[in-house]
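**Student:** Below: sequence and its predicted model.
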Amino acid sequence: MAASIAALIDSLPNSENKLEVLADLKAVLGNTPIQSISSISANVSFSSVFECLSTDNG
């Protein structure tokens with residue numbers, strides 16, 4: 001589970017379809033128990049996600 005979350009986040013900068021990757025990430029996180037997310041988030045950089053949130057999808 002942690003590997004798939006990290007892999008999705010790592011793929012964001014090079015992805016041609018960031019919205020698809022973000023949707024996949026949302027699905028994985030939505031199916032992950034909150035306790036697991038807490039421990040996973042300590043070892044994963046979410047900077048790629050936040051960079052996507054600050055871009056214009058025009």
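**Tutor:** Right, received. Where do you want to start?
**Student:** who touches P13 in this structure?
**Tutor:** 48, 51 (C-beta atoms under 8 Å, 6 or more residues apart in numbering). To be clear about C-beta, it is placed using only N, CA and C from the backbone, and glycine gets the same treatment.
**Student:** same check, this time on I40
**Tutor:** Counting by C-beta under 8 Å, 6+ apart, I40 touches 1-2, 5-6, 32.
**Student:** who wins for neighbours among these?
**Tutor:** Across those, neighbour numbers were computed from other C-beta atoms under 10 Å; I5 holds the maximum, 21 neighbours.
**Student:** ok, that residue touching V44?
**Tutor:** Yes. Counting by C-beta atoms under 8 Å, V44 is a contact partner of I5 at 6.2 Å.
**Student:** Show me where this structure dips below the pLDDT cut-off.
**Tutor:** 54-58 (pLDDT under 70).
**Student:** what about N17, neighbour count?
**Tutor:** If we define neighbours as other C-beta under 10 Å, then N17 has 9 of them.
**Student:** what sits against it?
**Tutor:** Taking C-beta under 8 Å, 6+ apart as the definition, N17 has no contacts.
**Student:** so how far is S47 from it?
**Tutor:** Distance check for N17 against S47: by C-beta to C-beta, to the nearest Å, it reads 19 Å.
**Student:** One more: P13?
**Tutor:** 9 Å.
**Student:** Helices of this protein, start to end?
**Tutor:** 2-11, 18-30, 34-41, 47-53 (DSSP state H).
**Student:** List of residues touching the second one?
**Tutor:** Residues from elsewhere that reach helix 18-30, judged by C-beta under 8 Å, 6+ apart: 1, 4-5, 8-9, 11-12, 15, 37, 49, 52, 55, 57.
**Student:** what's the angle from it to helix 2-11?
**Tutor:** Angle of helix 18-30 versus helix 2-11, following axes from the mean of the first three to the mean of the last three C-alpha atoms, to 10 degrees, is 160 degrees.
**Student:** Show me what counts as buried in helix 18-30.
**Tutor:** 18, 21-22, 24-25, 29 (16 or more other C-beta atoms under 10 Å).
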